[in-house]
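Asker: have a look; sequence and predicted model below, questions after that.
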Amino acid sequence: MLRQLLVLTAITLASAAANADCAEDYYGLWWNEDRTGIFELQASPDGGLEGVTRWGEKPDVDKNNPDPALRNRDLKGITFLWAFEYVPKKNRWKDGKVYDPNNGKTYSAKMELEKGGAVLKMRGYIGVSLFGRTARFERVLETELPIKLKEEMAALIPSQSHSISLKTMGAYALTPSKKP
């Protein structure tokens, strides 16, 4: 009986470990709040996490940037999330930064996944997270990818068939990222 209990416990623990959440679960394409733009969460060069704008319904420039020299740059390709630290026990990212191009300000941020990884919950704040705002972003489904973004992805993935998957896409950066 004890032996069976130990085997059952080992199987349960192995199963839980195989299904454990991890930092890479955050990677991929996400809609902005009003679904007029797409950003990508990807590994940053320092091993953390960064978010880069990838597509917008209409071209836009960084007109509210506090640096006048950057106010005419295209918002596509900028890194607007950076410096996050992963907390494995809670499957969360904390102590990051988020740049808001709508007002040109940078805030502290933390994020976690909801609804089985289909929704990204991010809280931007000043000082302590009590003073901030929470936003939720939906993961982009393959069937929702805008044609122009699909074409850019296809051009970057050498010798692949014309069907592009978001999993394949994750290994490629569409454009060099630029911080605010």
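Answerer: Nice, I can see it. Residues are numbered from 1 along each chain as shown.
Asker: show me the shaky parts of this protein.
Answerer: Across the chain, the ranges flagged by pLDDT under 70 are 1-20, 157-180.
Asker: go with 80
Answerer: Counting by pLDDT under 80, the chain has low-confidence residues at 1-21, 153, 156-180.
Asker: hey, what's the residue sitting nearest the centre point of it bridged with?
Answerer: Nearest to the geometric centre of the chain sits residue 41, at 2.5 Å (C-alpha atoms, centre = their mean). On DSSP bridges, the residues paired with residue 41 through beta bridges are residue 28, residue 51.
Asker: I'd like the distance between it and residue 139.
Answerer: 10 Å (C-beta to C-beta, to the nearest Å). No exception for glycine: its C-beta is placed from N, CA and C like everyone else's.
Asker: what is in contact with these two at once?
Answerer: Listed contacts common to residue 41 and residue 139 are 28, 30, 120; contacts here mean C-beta atoms under 8 Å, 6 or more residues apart in numbering.
Asker: quick one: the helices in the protein, in order.
Answerer: 2-18, 147-156, 166-169 (DSSP state H).
Asker: if we can go back for a sec, export the shared contacts of residue 41 and residue 139 to CSV and tack on distance to residue 56?
Answerer: CSV is the format used below for the shared contacts of residue 41 and residue 139 (distance: C-beta to C-beta, whole Å):
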residue, distance to residue 56
28, 18
30, 13
120, 18
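Asker: what about the strands in the chain?
Answerer: 28-31, 37-43, 49-56, 79-82, 85-87, 92-100, 105-114, 119-125, 132-138 (DSSP state E).
Asker: out of the ones you listed, which is closest to residue 70?
Answerer: strand 92-100 (10.7 Å; C-beta to C-beta).
Asker: report all helices and strands that the closest one contacts.
Answerer: Helices and strands touching strand 92-100, by 3 or more C-beta pairs under 8 Å, 6 or more residues apart in numbering; DSSP states H and E, are strand 49-56, strand 79-82, strand 85-87, strand 105-114, strand 119-125.
Asker: can I get those in a markdown table including mean neighbour count?
Answerer: Formatted as a markdown table, the helices and strands packed on strand 92-100 follow (neighbours: other C-beta atoms under 10 Å):
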| stretch | mean neighbour count |
| --- | --- |
| strand 49-56 | 22 |
| strand 79-82 | 22 |
| strand 85-87 | 14 |
| strand 105-114 | 18 |
| strand 119-125 | 18 |
